[in-house]
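>>> I need the structure of the sequence given here:
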Amino acid sequence: MLLIYIFLLVGFSECREREILINEETSIETIIFDLNSISPSSLITYQLLESSSSSLLFNSTTNSISITKRIDRDILCPNDDLCSTCYLTMKFYDMFHYDILLLKFKINDINDNQPRFSSNTYSISLTENNIPGIKIRLSKAEDIDCLINSIQFYELTYIYNNRIITSKINLFQQINQTINYNRPFYLEYDSINFELYLIINLTLDRELQNEYIFTLTVNDYKYTTSTKLTLIVLDVNDHNPKFSQSIYTVNISHITPIGTILIKLTAYDEDSDENARIYYSLLSIDGYKLELNEKNDLFQLNSYTGELSLISTLNHLDSKNIFKLLIGACDGTHNAIPALTTV
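This next block holds a predicted model:
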């Protein structure tokens with residue numbers, strides 16, 4: 001009958017609320033509230049009606065509430081970035097005042113999580129000859145604490161022209177970034193879309209430097225985490241082949257065997273990979289222009305290796321002549337101007 005009477009009273013009772021602030025990770029068995037502190041008499045009896053969590057224990061003998069299990073705000077309220085809506089509640093019936101008392105325990109975040117990148121190393125790439133000012137979106141670190149204890153700033157550190165350069169950006173105090181405009185690389189943060197960018201503030205030249213190494217550091221005022229960032233400069237075909245000499249001299253005679261490699265020509269291209277693949281061609285003999293794939297009776301040039309070979313025996317008359325061969329080298333670019341040398 002008493003239980004039925006309590007429930008009937010609950011249905012018609014007013015509800016009082018009280019908010020109590022507690023830190024996450026507070027030690028187990030810690031008393032976080034004493035109901036006697038709000039009662040004019042220690043004889044008041046409270047009946048626990050409901051509790052939102054088993055982490056809290058009500059002692060009906062002492063009217064105290066203590067912690068029985070670990071309270072981790074980041075697990076309890078993972079979406080509460082602003083730390084404003086993470087509560088544990090307990091509802092009591094006040095047997096003296098015949099009303100409802102609702103205790104709301106607001107869980108206060110502490111800085112107990114370190115920012116983390118998803119990888120210890122990142123690699124990004126950009127083609128050389130770029131226009132300065134290009135943005136490259138970077139992977140951000142994650143910190144599951146709420147914003148006030150979460151990531152506060154990023155810092156980029158690198159070496160350029162034998163100088164250590166840093167670019168630091170505060171996510172919550174967006175200072176004027178014009179001080180970075182004279183730096184070859186700097187960070188930029190989009191506070192609307194919450195994106196972090198690397199700004200390439202120079203024209204890259206792969207032949208001068210084919211990669212740049214950065215250290216990207218994140219800090220939440222208590223913990224610091226770093227990751228390695230590598231910018232790989234991709235090649236474009238912006239260099240023509242070059243011969244080391246403009247004229248080569250080879251001595252042959254009528255006794256030189258057929259098939260003899262007279263000389264191996266080598267041209268150099270500062271580009272890389274396919275852009276540095278060189279093709280050789282015999283353009284003219286003694287001023288006579290050879291058409292593409294046109295054969296001649298004396299010489300053969302391997303278009304891939306640059307090897308010039310004798311393919312027939314010189315007669316006595318030929319052996320007294322000076323042969324002037326114009327050799328070209330190109331890297332396969334359409335309508336490319338070949339490098340020239342004379343043999």
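
>>> For Asp74, give me the backbone phi and psi.
Backbone torsions for Asp74, taken as degrees, to the nearest 10, come to phi -70, psi -20.

>>> Next, count neighbours for the nearest residue to it once chain neighbours are set aside.
The shortest distance from Asp74 to any non-neighbouring residue, by C-beta to C-beta, 6 or more residues apart in numbering, is to Ile144 (4.6 Å). No exception for glycine: its C-beta is placed from N, CA and C like everyone else's. Per other C-beta atoms under 10 Å, the neighbour tally for Ile144 reads 18.

>>> what's near enough to touch Ile144?
Residues in contact with Ile144 (C-beta atoms under 8 Å, 6 or more residues apart in numbering) are Asp74, Pro78, Asn113, Ser150.

>>> And Arg73, by the same measure?
Arg73 neighbours (C-beta under 8 Å, 6+ apart): Glu24, Asp80, Cys83, Cys86, Ile107, Asn108, Asp109, Cys146.

>>> remind me which residues of this structure are low pLDDT?
Within the chain, the segments meeting pLDDT under 70 span 1-14, 40-43, 174-181, 316-320, 333-336.

>>> tell me the domain ranges of it?
Per automatic domain parsing, the domain ranges recorded for the chain read 2-108, 121-234, 242-342.

>>> send the alpha carbons of stretch 51-60 over as PDB?
C-alpha atoms of stretch 51-60 as PDB (Å, rounded to 0.1, in the frame of the first residue of the first chain):
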ATOM      1  CA  SER A  51      18.800   6.500 -12.300                       C
ATOM      2  CA  SER A  52      20.200   7.000 -15.800                       C
ATOM      3  CA  SER A  53      23.400   5.200 -15.000                       C
ATOM      4  CA  SER A  54      24.700   2.300 -12.900                       C
ATOM      5  CA  SER A  55      27.900   4.400 -12.300                       C
ATOM      6  CA  LEU A  56      26.100   6.200  -9.500                       C
ATOM      7  CA  LEU A  57      25.100   4.600  -6.200                       C
ATOM      8  CA  PHE A  58      22.600   6.100  -3.700                       C
ATOM      9  CA  ASN A  59      23.000   5.100   0.000                       C
ATOM     10  CA  SER A  60      19.600   5.400   1.500                       C
END
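
>>> And it, what's buried?
Within stretch 51-60, the residues that count as buried by 16 or more other C-beta atoms under 10 Å are Ser51, Ser53, Ser55, Leu56, Leu57, Phe58.
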